[in-house]
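Novice: Generate a structure from the sequence data that follows.
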Amino acid sequence: MFTMMTNNIPQSTQKELEKLFSKLTPLMKKNAKYMMFAVPLLIISFTNFIFFIFLGGFSEGMLITAIIYAVMAAIGMALFKETKYLKKEIKELELEHVIGRIKDSDIINDYRKKNYTDQIKSEPKLAIQTFISFLQEENDRKNIIED
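Specialist: So this is what the prediction gives:
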């Protein structure tokens, strides 16, 4: 998946992005699994519960069925809530890695580092694009120094 996204990115940038994604992959897999179970549980339980209420009505023998649907909905909601928490954790880990990598750079001057970190903090949704532009600038400066 990652290699399809990075066909025209320099090798050094690809390596840095692979480091980032290797940190994020376990959480992303966990998030996908939770979402894969949460959505069907919610849809099935709410749909059946609505049909149960409006078409079947309550009777003494149906109480167990209602409880089962309620438990399914509760589990689905809990998993869905956990996916929101995991998404937040993934974003925080991504920002932490990117900002740490920018601060650790010896090639870029402190003024440019501050610009990049400020830009990432002000627009966290564009952190990867900003990180890629940082890596490209760092790679360009490294090539100039080597020549």
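Novice: Tell me the helix or strand right after the host helix or strand of Thr65.
Specialist: Using DSSP states H and E, Thr65 sits within helix 63-103. The helix or strand immediately downstream of helix 63-103 is helix 110-122, counting by DSSP H and E.
Novice: which secondary structure elements does that following helix contact?
Specialist: The contact analysis (3 or more C-beta pairs under 8 Å, 6 or more residues apart in numbering; DSSP states H and E) places helix 110-122 against helix 63-103, helix 127-146. (Glycine included, C-beta is placed from N, CA and C.)
Novice: out of the ones you listed, nearest to Lys19?
Specialist: Comparison of the helices and strands packed on helix 110-122 against Lys19 by C-beta to C-beta identifies helix 63-103 as nearest, at 7.7 Å.
Novice: what packs against the closest one?
Specialist: Using 3+ C-beta pairs under 8 Å, 6+ apart, helix 63-103 sits against helix 11-51, helix 110-122, helix 127-146.
Novice: Tabulate those helices in a markdown table, adding columns for distance to Leu86 and mean pLDDT.
Specialist: As requested, these are exported to a markdown table (distance: least, C-beta to C-beta, whole Å; pLDDT from 0 to 100):
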| stretch | distance to Leu86 | mean pLDDT |
| --- | --- | --- |
| helix 11-51 | 4 | 92 |
| helix 110-122 | 21 | 94 |
| helix 127-146 | 17 | 91 |
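Novice: Switch those helices over to a markdown table; also include mean neighbour count and distance to Ile67.
Specialist: Below are these laid out as a markdown table (neighbours: other C-beta atoms under 10 Å; distance: least, C-beta to C-beta, whole Å):
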| stretch | mean neighbour count | distance to Ile67 |
| --- | --- | --- |
| helix 11-51 | 15 | 11 |
| helix 110-122 | 14 | 47 |
| helix 127-146 | 15 | 45 |
